[in-house]
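Student: After the sequence you'll find the predicted model.
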Amino acid sequence: MNLALSDEQVFLREAARGALSRFKTIEAAREALDGNGGAMPDLWPTACEAGWPGLLIDEAHGGAGLDAFDAMLVLGECGRVLAGVALLGHLPATAILGDPPGAAPDLAALASGEKRAAYLPAQPPTDTDERWTTDPASGMRRSPAPIASASGSDGFAQVSGSVAFVPDAPGADVLVGVALQGGHPVGVAIHADDPGVRIEPVHRYDATRSLGHVTLKDARAVVLDAPESALVGAWYLAQALIAAESLGSVETALEVSVAYAKERFTFGRAIGSYQAVKHSLTEVLRQLENGRSLLYYAGWARTGAPQEFALAASAARSVAGRALDQASRTMISVHGGIGATWEHDAPLYFRRAQLSRRLLGGTGGATDRVAGELMAQAA
Amino acid sequence: MDLDDTPEQAAYRAQVRGWLDEHKREAPIVGDPTHPDAIEDEQQIIAARRAWQGKLAEGGLAGVTWPKEYGGQGLGPIEQVICNQEIARAKVPGILDAIGVGMLGPTIIAHGTEEQKARHLGPMLHGDEVWCQLFSEPAAGSDLAAVQTRARQQDDGSWRLSGQKVWTTNAQFASYGLLLARTDPDVPKHKGLTMFVVPIDAPGVTVRGLRQISGEAEFNEVFFDDVAVEESAVVGGVGNGWGTGLTTLMFERVTIGLGSEGLGYNSARFAAAIASDEHARRDPQVRHQLGEIASELLAVRFTGYRTLSALQKGQVPGPEAGLAKVTIVNGAINAGALIADVLGPDALDEDSQWAYMISFLPGLKSAGGTEEILRNTIGERVLGLPPEPRLDKGIPFSELRSKEAAAA
């Protein structure tokens, strides 16, 4: 039994923290929301320098050959400072392209970061919905996954459909996702500059996150050799990554709130000495620790117990999503009125929480999946 | 990062499993009324489980972490967990005196005299003498240092004990108790305390069962009416009772941290109960609640593994282990409520497997430290938040009552 970070993992995390500290990501987030010319810093060159684009690609194809947990550590550091590094879109895409190893074109360019991929999230069937579905542009009704024509003799197929709120789609070189071909799910890779592809950037509540609505109309796609398990796994990898990112944001929200609770005095006492404040902060810590434990579970399960990865990643997403919701609200409350103003960072974490909760099938979707997985095991 | 045994751990597991395979037919059948050989009489259950603990001790499956010189195996917490897992897998009862072997024995090993160790540890480990923990009182729970049970030293050096303890598990069949008493009321409250070994059959000791919401009496009140104990009954020195007690509470955290799943509050069991109802298993609201509860309970399992990994590296678990207790208790409370909502009033019938749990949990919320005191401790020790202002610092215990009255 060893459920602790290795020296290499501690180094990876510290290096990520150091690399991201060179940018004023939080100030940029506020300026970008103001809309007067402020833009988020381009962190992709930093990611390439650090080798993050190739984290999950094997060494033979220029990657680092690491596992989900290592990627989760990097995403956690991004979440701490609300950095948008395009890994949420890129990494699940490389997981599909790299399975089986070396089957997909351009893997080396994707490992180095010379090219960037975006994952078109598709939710695998559940015990109550047998379809592959994607997030809709509005409303509760999920969209069917894109449809692929039969493959031509050149190995290409035409794919049509729409996927809304695709992380990191704007500016991506290649889109990787799931399409139904003759009713069966297949992995597809589509060049973003194909005439059949339209990517509409979506500027939303949280300016630190790049999103796009993707519409495919007879887009020319390579049908990949990826097994169905890789298509299913990519969805849960995305769940685990957004969970890790969220918990990174929880860490900062808690640290900032605790520091303030020690220095702000009312009625002659630091507010952190009052049980009402102290208990609300320990509640955030409780949820953070639960989330951390589930990151270990998901990180271990992806290769250690693949049959449990869906459960582990969904549980991590569920707990982490709720933790960020709670942490960002607590951050505002502990700071009092100032916490709800534009001058403070708390609203930026609140915005991050609100939007994250509704992406990639939603925190609620992950919670439902936990119930479904456990009841299926019980049957 | 992995959850697999090292070769040494695998060898130990095989050894434990081998012993259990050979001896499990000798284990008493308890807790399964449908089994033809089930023992139902309470006295007989205790006698059978005592004897079984003796066998476990002979086989090296009790006191795994105790030093060899006191009859233990001299192994680490990870081997203790492997042993617990194998006992659960073999579906046999564990040791009867988990409080003695898990918490009180290690306290005596840490603070007791050589005579105390020689006299008490062997019979404790083998289940010949069961122990109970005499700490909490009606007016001293979260504020444990407020104990009022009074120990007065006599001219010959012996002591006389008077007072009342409460929430005492196993006192009805215990031979000894480890008791925290006030020996000097004229110093601040943490300083005037002393720990004693007390024979429960001593004249003046009265044990009375305390019935709970479920109707059962698993705990006791224990009364001390001028009970005489010898000078040699002091553990850890006169006036050092608080420090000695902290050792016990540290072992309590380890025991709770490593044994929480043993309570049966786990996500798979709760999910199976919901899944048995065709309508409930498709109801979005039920699924959502189950998913939230189950995610947190799953987390606690891996928090346990994290604790274990830390213990393996020689780190001592801190008060944050208390957060796992908060999660387990509240998760199980919510699960009980959800399952009863699904099953209806039948879930509350005496023969339902859920009624006892539902009745037991409100009390468990306060056991081993109330949720509020745990959150205080964690907020202060882990997050470093300032403590509550308190009125009892540096004030002799004997003057506290008048201070409290003045503040009221």
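Tutor: Received the coordinates, thanks. Keep in mind that what you see is a predicted model, and the values were worked out from it rather than measured.
Student: hey, let's count contacts and neighbours off CA atoms from now on
Tutor: OK.
Student: show me where the chain has helices.
Tutor: Because you didn't say which chain, this covers chain A. Secondary structure of chain A, counting by DSSP state H: helices at A:7-20, A:25-34, A:44-50, A:68-80, A:87-97, A:107-112, A:228-263, A:275-304, A:309-335, A:346-356, A:362-378.
Student: wait, I meant chain B there
Tutor: Under DSSP H, chain B gives helices at B:7-23, B:42-58, B:77-89, B:98-99, B:105-111, B:114-125, B:241-259, B:267-275, B:284-312, B:321-343, B:355-364, B:371-381, B:397-407.
Student: Tell me if the longest one is near chain A.
Tutor: To tie it back to what came earlier, the one meant is helix B:284-312. Yes - Helix B:284-312 is in contact with chain A by C-alpha under 8 Å from any C-alpha of the partner chain, via B:284, B:287-288, B:290-292, B:294-296, B:298-300, B:302-303, B:305-306, B:309-310.
Student: if we can go back for a sec, between the helices of chain B, which gets the lowest average pLDDT?
Tutor: Ranked by mean pLDDT, the helices of chain B bottom out at helix B:241-259, with a mean of 83.
Student: Show me what that helix packs onto, helices and strands only.
Tutor: If you count contacts as 3 or more C-alpha pairs under 8 Å, 6 or more residues apart in numbering or on different chains; DSSP states H and E, helix B:241-259 packs onto helix B:105-111, strand B:176-182, strand B:193-199, helix B:284-312, helix B:321-343.
Student: Which residues are in contact with the residue lying closest to B:Ile108 once chain neighbours are set aside?
Tutor: In space, B:Ile108 comes closest to B:Lys117 once its chain neighbours are excluded; the distance is 6.7 Å by C-alpha to C-alpha, 6 or more residues apart in numbering or on different chains. Neighbouring residues of B:Lys117 by C-alpha atoms under 8 Å, 6 or more residues apart in numbering or on different chains: B:70, B:108-109.
Student: and what of B:Val326?
Tutor: B:365, B:371.
Student: now do 7 Å
Tutor: Residues in contact with B:Val326 (C-alpha atoms under 7 Å, 6 or more residues apart in numbering or on different chains) are B:Glu371.
Student: related to what we said a few turns ago, I'd like a version of the helices of chain B in TSV, one that adds distance to A:Gln354 as further columns.
Tutor: Output for those, formatted as TSV (distance: least, C-alpha to C-alpha, whole Å):
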stretch	distance to A:Gln354
helix B:7-23	45
helix B:42-58	54
helix B:77-89	41
helix B:98-99	46
helix B:105-111	49
helix B:114-125	55
helix B:241-259	34
helix B:267-275	28
helix B:284-312	18
helix B:321-343	24
helix B:355-364	34
helix B:371-381	27
helix B:397-407	46
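Student: count of neighbours near B:Gln85?
Tutor: 17 (other C-alpha atoms under 10 Å in any protein chain shown).
Student: Distance check, it against chain A.
Tutor: 14 Å (C-alpha to the nearest C-alpha, to the nearest Å).
Student: now do B:Ser276
Tutor: Counting by C-alpha to the nearest C-alpha - B:Ser276 and chain A are separated by 8 Å.
Student: Give the burial count for that residue, as a bare number.
Tutor: Residues near B:Ser276, counting by other C-alpha under 10 Å: 15.
Student: measure it to A:Ala376 for me?
Tutor: 11 Å (C-alpha to C-alpha, to the nearest Å).
Student: Next: B:Met195.
Tutor: Distance from B:Met195 to A:Ala376, by C-alpha to C-alpha: 52 Å.
Student: How about B:Thr169?
Tutor: 39 Å.
Student: now do A:Ala150
Tutor: 33 Å.
Student: What are the neighbouring residues in contact with A:Ala316?
Tutor: Contacts of A:Ala316 by C-alpha under 7 Å, 6+ apart are A:240, A:243, A:291, A:294-295.
Student: picking up where we left off before, so between B:Thr169 and A:Ala376, which is more surrounded?
Tutor: B:Thr169 (21 against 15).
Student: Quick check: the more buried one touching B:Asn220?
Tutor: Yes - assessed by C-alpha atoms under 7 Å, B:Thr169 is found in contact with B:Asn220 at 6.3 Å.
Student: Quick one: neighbours of B:Met124, just the number.
Tutor: Other residues near B:Met124 come to 22 when the count uses other C-alpha under 10 Å.
Student: and what of A:Ser280?
Tutor: Neighbour tally, A:Ser280, other C-alpha under 10 Å: 20.
Student: Leaving out the residues flanking it, which one is nearest to it?
Tutor: Using C-alpha to C-alpha, 6+ apart, the nearest residue to A:Ser280 is A:Thr330, at 7.0 Å.
Student: again, but for B:Asp128
Tutor: B:Arg50 (6.7 Å).
Student: I'd assumed B:Leu96 was in contact with the one you found.
Tutor: Yes - B:Arg50 lies in contact with B:Leu96 (C-alpha under 7 Å); the separation is 6.2 Å.
Student: Looking at the two, which one has more neighbours?
Tutor: Remark: of B:Arg50 and B:Leu96, B:Leu96 carries more neighbours, 23 against 20, as counted by other C-alpha under 10 Å.
Student: That one is in contact with B:Ala51, isn't it?
Tutor: No - between B:Leu96 and B:Ala51 there is no contact under C-alpha under 7 Å: 9.3 Å.
Student: Against chain A, how distant is B:Gln172?
Tutor: 37 Å.
Student: Residue in the stretch 1-150 of chain B with the shortest distance to chain A?
Tutor: Per C-alpha to the nearest C-alpha, B:Leu3 is where the stretch 1-150 of chain B lies closest to chain A, at 4.4 Å.
Student: got the CA coordinates for the lowest-mean-pLDDT helix or strand in chain A in CSV?
Tutor: For chain A, counting by mean pLDDT, DSSP states H and E, helix A:25-34 ranks last in confidence among helices and strands (a mean of 87). What follows is helix A:25-34, C-alpha atoms only, in CSV (Å, rounded to 0.1, in the frame of the first residue of the first chain):
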residue,chain,number,x,y,z
THR,A,25,-3.5,35.0,-14.1
ILE,A,26,-5.9,36.2,-11.6
GLU,A,27,-5.5,39.9,-12.4
ALA,A,28,-5.9,38.9,-16.1
ALA,A,29,-9.1,37.1,-15.3
ARG,A,30,-10.6,40.3,-13.9
GLU,A,31,-9.4,42.4,-16.8
ALA,A,32,-10.7,40.0,-19.4
LEU,A,33,-14.1,40.1,-17.8
ASP,A,34,-14.0,43.9,-18.0
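Student: how about that helix: buried residues?
Tutor: A:25-26, A:28-33 (16 or more other C-alpha atoms under 10 Å in any protein chain shown).
Student: Kindly report the same for stretch A:136-154.
Tutor: Neighbour count says stretch A:136-154 has A:136, A:142-149 buried, by 16+ other C-alpha under 10 Å.
Student: What of stretch B:131-150?
Tutor: Result for stretch B:131-150 [16+ other C-alpha under 10 Å]: buried residues B:131-137, B:141-142, B:144-150.
Student: what bridges to the closest residue to A:Leu120 other than its chain neighbours?
Tutor: Leaving aside its sequence neighbours, A:Leu120 sits nearest to A:Gly177 (C-alpha to C-alpha, 6+ apart; 4.6 Å). On the basis of DSSP bridges, A:Gly177 is bridged to A:Leu120, A:Val188.
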